[in-house]
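In: fold the following and give me the result.
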Amino acid sequence: MSNERSLEAENLSSKLQIISNTVYEAAKSCQGDAIALLALLRQLEQLHREIRDGAFQATLPENRQQLYSLLKDIESEGGWPYIERMRLQAFLANLVEGANEDNSGGVVNSDRSCGW
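Out: Numbers count the residues shown, from 1 in each chain. Below you'll find the model as predicted:
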């Protein structure tokens, strides 16, 4: 039985590596195109949401032993999966830095508070 699980784990690992390579290739082909990269990030977020709300929720533990096993795996394998969104303030700071670089002679006021 453990040999069967080992083969399943190897198969999953191989599939995940193929997915990772495909996503990296897509990101590389979009390099320099913020709109295309944003579309890629949105697609990844949508996939995350669909898997979490569908297949994952359907497999949630039904008893304490299963819950313990899941929590133990989450703790030992790196925590809960989360797709972090760029904070608007960080985005704006990057925008201001880019404007400062482009506008070497002009002044851009980056101390302005937007209330965020």
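
In: helix or strand with the lowest mean pLDDT in this protein?
Out: Lowest on mean pLDDT, DSSP states H and E among the helices and strands of the chain sits helix 88-102, with a mean of 72.

In: and Met41, how many neighbours?
Out: Not quite, residue 41 is Leu, not Met. Residues contacting Leu41 under the criterion other C-beta atoms under 10 Å number 14. No exception for glycine: its C-beta is placed from N, CA and C like everyone else's.

In: and the host helix or strand of it, average pLDDT?
Out: Leu41 is part of helix 34-51, with elements assigned from DSSP states H and E. Predicted confidence along helix 34-51 averages 95 (mean pLDDT).

In: other SSEs contacting it?
Out: Using 3 or more C-beta pairs under 8 Å, 6 or more residues apart in numbering; DSSP states H and E as the contact criterion, the secondary-structure elements in contact with helix 34-51 are helix 2-29.

In: pull out the buried positions in stretch 29-44.
Out: Along stretch 29-44, these residues count as buried under the neighbour rule (16 or more other C-beta atoms under 10 Å): Leu40.

In: export that stretch as PDB, just CAs?
Out: Taking C-alpha atoms only, stretch 29-44 is exported to PDB below (Å, rounded to 0.1, in the frame of the first residue of the first chain):
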ATOM      1  CA  SER A  29       6.700  35.200 -22.400                       C
ATOM      2  CA  CYS A  30       4.700  38.000 -20.900                       C
ATOM      3  CA  GLN A  31       7.700  39.800 -19.500                       C
ATOM      4  CA  GLY A  32       7.400  43.500 -19.900                       C
ATOM      5  CA  ASP A  33       3.700  43.300 -20.500                       C
ATOM      6  CA  ALA A  34       1.900  44.300 -17.200                       C
ATOM      7  CA  ILE A  35      -1.600  43.600 -18.600                       C
ATOM      8  CA  ALA A  36      -0.700  40.100 -19.700                       C
ATOM      9  CA  LEU A  37       1.100  39.400 -16.400                       C
ATOM     10  CA  LEU A  38      -2.000  40.700 -14.500                       C
ATOM     11  CA  ALA A  39      -4.200  38.400 -16.600                       C
ATOM     12  CA  LEU A  40      -1.900  35.400 -15.700                       C
ATOM     13  CA  LEU A  41      -2.100  36.300 -12.000                       C
ATOM     14  CA  ARG A  42      -5.900  36.600 -12.200                       C
ATOM     15  CA  GLN A  43      -6.100  33.200 -13.800                       C
ATOM     16  CA  LEU A  44      -4.000  31.600 -11.100                       C
END
